[in-house]
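Engineer: Task: produce atomic coordinates for the following.
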Amino acid sequence: MTTVTERKKRAGRPTKSVKKELRATVRFTRPEYFIVTEKAAQAGLTPSAYLRQVAIQGRVMARLTDEDKQDIRTIVGMANNINQIAKCCHQEGAVKASLYFRSYRPIFDHFLKRLRA
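Structural biologist: Purely as a prediction, here's the structure:
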């Protein structure tokens, strides 16, 4: 009589391809800790991921603020308006297109000033 041993699948979480084996501890004062956690939150990271990225790359790119997102939406809308002005220029002539452009020019100037700042 022979017994057949079947291998069972291992239960639980699958093993990671890159395991973080070493630990480095850092001590902060309370104000320093709150600064680090705030910067990590602005970057959309956990404090440990933020500190790891700062230590390796030397900088962390913050996510866009709500104001920046709104500006991008406005610029996309302005690009659509420019396309409409170009279409108008081809259909109705340059005089009509220049009138449209004059109405949008203050908005363009506003965003150009903000981008330069």
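Engineer: Name the residue closest to the centre of this protein, please.
Structural biologist: Closest residue to the average C-alpha location of the chain: Arg63 at 4.1 Å, with Cα atoms, centre = their mean.
Engineer: buried ones in the longest helix anywhere in the chain?
Structural biologist: The residue-count maximum for a helix in the chain (DSSP state H) belongs to helix 66-92. Applying a neighbour-count criterion of 16 or more other Cβ atoms under 10 Å, one finds 71, 85, 88-89 buried in helix 66-92. In this view, the C-beta of every residue, glycine as well, is placed from N, C-alpha and C.
Engineer: Which of those sits closest to His110?
Structural biologist: Closest approach to His110 among the buried residues of helix 66-92 (Cβ to Cβ): Asp71, at 9.9 Å.
Engineer: Could you export stretch 93-111 as PDB, keeping only the C-alpha atoms?
Structural biologist: Taking C-alpha atoms only, stretch 93-111 is exported to PDB below (Å, rounded to 0.1, in the frame of the first residue of the first chain):
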ATOM      1  CA  GLY A  93     -12.600  85.700 -41.200                       C
ATOM      2  CA  ALA A  94      -9.800  87.100 -39.000                       C
ATOM      3  CA  VAL A  95     -11.800  90.200 -37.800                       C
ATOM      4  CA  LYS A  96     -14.400  88.100 -36.000                       C
ATOM      5  CA  ALA A  97     -11.800  85.800 -34.500                       C
ATOM      6  CA  SER A  98      -9.800  88.800 -33.200                       C
ATOM      7  CA  LEU A  99     -13.000  90.000 -31.400                       C
ATOM      8  CA  TYR A 100     -13.300  86.600 -29.700                       C
ATOM      9  CA  PHE A 101      -9.700  86.600 -28.800                       C
ATOM     10  CA  ARG A 102      -9.900  90.000 -27.200                       C
ATOM     11  CA  SER A 103     -12.700  88.700 -24.900                       C
ATOM     12  CA  TYR A 104     -10.500  85.800 -23.800                       C
ATOM     13  CA  ARG A 105      -7.200  87.800 -23.500                       C
ATOM     14  CA  PRO A 106      -7.600  88.900 -19.900                       C
ATOM     15  CA  ILE A 107      -8.200  85.300 -18.800                       C
ATOM     16  CA  PHE A 108      -5.000  84.200 -20.700                       C
ATOM     17  CA  ASP A 109      -3.000  87.000 -19.100                       C
ATOM     18  CA  HIS A 110      -4.200  86.100 -15.700                       C
ATOM     19  CA  PHE A 111      -3.000  82.500 -16.000                       C
END
